[in-house]
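Colleague: show me how the following folds:
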Amino acid sequence: MKQSHNNIRPLFISLSVLLFLSLTGCWSSHEIEEQSLGIGLAFDKAKPSSIEKKLNEQGGGYSKKDRITATYQFITPQVASSTTKQSGPEQKSYLNVSETGDSFHQMVREISLRSEQPVTAHHLKVVVIGEDLAKSYKLEQLLNQNFRESEVRPSCLVLISKGRASKTLETKKDGEIPAFRLAGIVENAYRTTRILPPMSHIKVESKIKSGSSFLIQKVLSADGQVKFAGAAVIDGRTHKMTGFLNEEELEGVTWITGKGKGGVVKSFDKETGQLIVYEIESMKSSIVPRVKGDNISFDVNIESVGRLSENWVTSGNTFKNEFLKKAEKSSEKEVKRLVGNVLEKMQKEYQVDVAGFGNQLRIVHPKVWKKVKKDWDQTFSETPINYDVKLTINDYGASDGSKK
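Modeller: Numbering: from 1, shown residues only. So this is what the prediction gives:
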């Protein structure tokens, strides 16, 4: 027994030493307060910044072609904490740095020659691509380095800007961080049908690989402010941006897909011409493929339940079922208009399916899909689509404290 204890003792000591060493930390680690956290990234057609020009004039350039300008938005714990303690128009809680070149990886490494703090992309929230660039290069070319970089989270949001993407990473509001602002606007989807479900890096990569056409949220910028306004149409054949849908056309897509979480429908009473506003409480849609021989068609059935949230009609009793039915029909007519307009845009102007019709055909009729998937966008542009809209008002509020 004594001999057994003697054998165990050296093993116990060895294990203790190993455990102690494992608790000492990483010798090569960087403390978080010593790092620049990349939180936003904008890609534009090449336009070297004034700082870049001055550095290059002093011999700071390297062998490259000026094709793309990448603007990196950084935040450091020191900057974030100091912003709340200081005031003044020049105080910002972020730093934007631009680098122009032809290799995304090389550009981000060039930043290391301009800052003592290592750059990390673990906290990257959003990548904004300028429209000029999105029309000129395939999305997989622009995002290839991000797809390969293990630091960039698959959930990182992708947007496309009208005008320079770098402008969306600017603000004049003290304490506001533009990258966080962009990521936060997406959370307002429960308030409006004009915000797409977020297109993350992993979703964009999946769409590219599938060869499907799809939409990416469009963002505008002006005087340090931004607005989500419509969507960029990405052609599944070229993987480039082919055009834009405006705000109302994006609403139409939301009704077709049934993926809206909230929003309003504004219409006008047929008899009085006065305003009626229907607020969405729930929405659902079904896209039903019909196949007869070589002929393909679709039925879109849209349903919603909501409330009468605003009513400018003052004549008669607006609480009667007769008026509520009129309000439902008025709102249904407006939804039909939105759906019809965007179908016209998709089928006739862009000739792309960005609403998932092909996916439903693939699910319900896989054999038919195999025959048509190669040239689906062209086939889709010639396919009859019927749609029906049914809205139900189940809540109409109160007026003068009473309901009649």
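Colleague: for the rest of this, base every contact and every neighbour count on C-alpha atoms.
Modeller: Noted.
Colleague: I'd guessed residue 380 sits against residue 354; true?
Modeller: No: in this structure, residue 380 is not within contact of residue 354 by CA atoms under 8 Å, at 10.3 Å.
Colleague: pLDDT weak spots in the protein?
Modeller: 1-36, 60-61, 76-91, 116-118, 316-319, 397-404 (pLDDT under 70).
Colleague: what about the longest helix in it?
Modeller: Ranked by number of residues, the top helix in the chain under DSSP state H is helix 321-344.
Colleague: what packs against that helix?
Modeller: For helix 321-344, the elements it packs on are helix 247-257, strand 263-268, strand 275-292, strand 385-395, judged by 3 or more CA pairs under 8 Å, 6 or more residues apart in numbering; DSSP states H and E.
Colleague: now the ones you listed in a markdown table, with mean neighbour count and distance to residue 98?
Modeller: Formatted as a markdown table, those follow (neighbours: other CA atoms under 10 Å; distance: least, CA to CA, whole Å):
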| stretch | mean neighbour count | distance to residue 98 |
| --- | --- | --- |
| helix 247-257 | 23 | 31 |
| strand 263-268 | 19 | 37 |
| strand 275-292 | 18 | 42 |
| strand 385-395 | 17 | 47 |
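Colleague: closest one to residue 187 among these?
Modeller: strand 263-268 (13.0 Å; CA to CA).
Colleague: just to revisit the earlier point, how about CSV for the helices and strands packed on helix 321-344, with distance to residue 305 added?
Modeller: Output for those, formatted as CSV (distance: least, CA to CA, whole Å):
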stretch, distance to residue 305
helix 247-257, 13
strand 263-268, 12
strand 275-292, 5
strand 385-395, 5
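Colleague: who wins for proximity to residue 364 among those?
Modeller: strand 275-292 (7.3 Å).
Colleague: tilt between the closest one and strand 385-395?
Modeller: Relative orientation of strand 275-292 and strand 385-395, computed by axes from the mean of the first three to the mean of the last three CA atoms, to 10 degrees: 140 degrees.
Colleague: direction included, what does strand 275-292 pair up with?
Modeller: The strands beside strand 275-292 in its sheet (DSSP bridges) come out as strand 263-268 (antiparallel), strand 295-311 (antiparallel).
Colleague: burial count for the nearest residue to residue 244 once chain neighbours are set aside?
Modeller: Using CA to CA, 6 or more residues apart in numbering and skipping the chain neighbours, the partner closest in space to residue 244 is residue 232 (4.5 Å). The burial count assigned to residue 232 is 26, neighbours taken as other CA atoms under 10 Å.
Colleague: so residue 232 versus residue 161, what's the distance?
Modeller: 9 Å (CA to CA, to the nearest Å).
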